[in-house]
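S.K.: Give the three-dimensional model of this entry:
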Amino acid sequence: MARRERVVRMSVEQPLWRALTGYRVLTMGYAVLLCVFGWRHYERHWVAVGYLAFLCVWTLATLPKVADAASCTKRFLVADLAVALAGILLTPLADEQVRSVDAGTLPSIWTAGAVLAYAIKGGWRWAGFASSLVAVANIVERGRPTLDTLHNVLLVWVASIAIGYVVEVARASERTLARALEIEAATRERERLARDIHDSVLQVLAMVQRRGTALGGEAAELGRMAGEQEVALRTLVAGGLIRTSYVSEDESEGAVVRLVEEPEDTADDVDLRTLLAPRAGARVTLADPGAPVPLPAPAARELAAAVGAALDNVRAHAGETARAWILVEDWGDEVIVTVRDDGPGIPEGRLAQAEGEGRMGVALSIRGRLRDLGGTAELISVPGQGTEVELKVPRAPREQRGKAGAK
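M.R.: The predicted model follows:
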């Protein structure tokens, strides 16, 4: 089934930036309300009004700067922290009694927003640096280290460092997840390519080898060369040397790349019977329901390809005279296709040995396809009594398939 890869950019730290944006606006309003309610305590009203007016303009004008990590530059962080420190140090100038009554500073808890920006942007080390400067400014503003001052400073220091540490852990987890998703996408694509190669090139090479050996002469030499190429190609497929490229985005700002597989075509349901009918022949009997067996087109094609791989195994390993039967059952919530032959069966341990030799027909062409469809493939074989492969594909309700196709 053809697929294309779509890259979706996201970050778990993005909600922190949105929360910081709201925090700055709310604490700006809180600082203004504190000034209004404590208006009579200020000796120099013009200092308080001037600073808070600048604080409001600065906060609203710089909201885009705290929208994400890319917009929050180092230059902005320095300027933002300078605004907070200036407000703390200007507080005694506006209210000379602030030191004796242990009142709040002009920016109040708005200062914590500047420190949190450091934490989200640079992690716990940046947060420790910014909160330490705020601690020094608060002690200078008070003139002495009071209990309330130490309590507030410690609270900001611990909270900012904790948030910075969480951000660093989240970024590391995002990078790990991005890499895992990339590897998974590459592995699935490699398996898809390996299935296609097995169903086409490898089968042809194996046939050329068998026919050439049977004919003898120059044809035998061609068969030998085809056999060597088959072994080499199987080694490449089994060893994972056939790779597929994938798209990635910059992870420098904690972004995670999520690779989402989407079917290229979301065609309407097709009747599975029409895809399996060409498989019937002189030695292959098809038994299907009298009613259509609808499946989404990609799933129906993959299921039919898996049936074809099972029949290829019958022809290759059960002999030219072996007969096979295909039974199609529609149970409503799932479709079951059973392929049975009257060959000699598979000796115990032969499948594991084949996979070890790079012969991945059952593992990739059959089980791999069914796994990608969310189904299962069960193989039952008794020596001397033939082999039976049962393929189960779950069917999503029609309304769910319609929603999936609309996305």
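
S.K.: now the helices for this protein?
M.R.: Ranges of helices in the chain, per DSSP state H, are 14-37, 45-61, 74-94, 98-101, 110-122, 124-142, 147-197, 203-215, 218-239, 272-276, 297-317, 350-356, 369-372, 398-406.

S.K.: Go through the second one and flag the buried ones.
M.R.: Applying a neighbour-count criterion of 16 or more other C-beta atoms under 10 Å, the buried positions in helix 45-61 are 47, 48, 51, 52, 55, 59. Every C-beta, even on glycine, is put in place using the N, C-alpha and C of the backbone.

S.K.: and the residues you listed as a markdown table, adding distance to residue 269?
M.R.: Listed next are those as a markdown table, based on distance: C-beta to C-beta, whole Å:
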| residue | distance to residue 269 |
| --- | --- |
| 47 | 75 |
| 48 | 72 |
| 51 | 69 |
| 52 | 66 |
| 55 | 62 |
| 59 | 56 |
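
S.K.: Tell me which of the helices of the chain lies nearest to residue 383.
M.R.: Among these, the nearest to residue 383 by C-beta to C-beta is helix 350-356 (9.8 Å).

S.K.: Quick check: mean pLDDT of that closest one?
M.R.: Averaged across helix 350-356, the pLDDT comes to 55.

S.K.: Check stretch 123-133 too.
M.R.: Here the average pLDDT along stretch 123-133 is 88.

S.K.: Quick one: distance of it to the chain centre.
M.R.: Its chain's C-alpha centre and that of stretch 123-133 lie 32 Å apart, by C-alpha atoms, centre = their mean, to the nearest Å.

S.K.: which outside residues touch it?
M.R.: 77, 81, 85, 114-116, 118-119, 153, 156-157, 160-165, 167-168 (C-beta atoms under 8 Å, 6 or more residues apart in numbering).

S.K.: Can I have the buried ones of those as a ChimeraX selection?
M.R.: Here is the ChimeraX command that selects the buried residues among the contacts of stretch 123-133 (16+ other C-beta under 10 Å):
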select :77,81,85,114,115,116,118,119,153,156,157,160,161,163,164,167,168
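
S.K.: Ranking the helices of the chain by mean neighbour count, which comes first?
M.R.: Of all the helices of the chain, helix 110-122 carries the top mean neighbour count, a mean of 25, counting by mean count of other C-beta atoms under 10 Å.

S.K.: and the angle from that helix to helix 14-37?
M.R.: Calculated by axes from the mean of the first three to the mean of the last three C-alpha atoms, to 10 degrees, helix 110-122 forms an angle of 160 degrees with helix 14-37.

S.K.: and helix 110-122, what other elements does it pack with?
M.R.: helix 14-37, helix 74-94, helix 124-142, helix 147-197 (3 or more C-beta pairs under 8 Å, 6 or more residues apart in numbering; DSSP states H and E).

S.K.: Give the rounded mean pLDDT of the last one.
M.R.: When you say that, I think you mean helix 147-197. 77.

S.K.: could you say what helices and strands it packs with?
M.R.: strand 3-10, helix 110-122, helix 124-142, helix 218-239, strand 256-263, helix 369-372.

S.K.: chain center to that helix, what's the gap?
M.R.: Relative to where its chain is centred, helix 147-197 has its mean C-alpha point 12 Å off (C-alpha atoms, centre = their mean).

S.K.: and what of the first one?
M.R.: Between the centre of helix 14-37 and the centre of its chain there are 34 Å (C-alpha atoms, centre = their mean).

S.K.: Quick one: mean pLDDT over that helix.
M.R.: Helix 14-37 shows a mean pLDDT of 89.

S.K.: now the second one
M.R.: Rounded to a whole number, the mean pLDDT of helix 74-94 is 89.

S.K.: Perfect, I'm done here.
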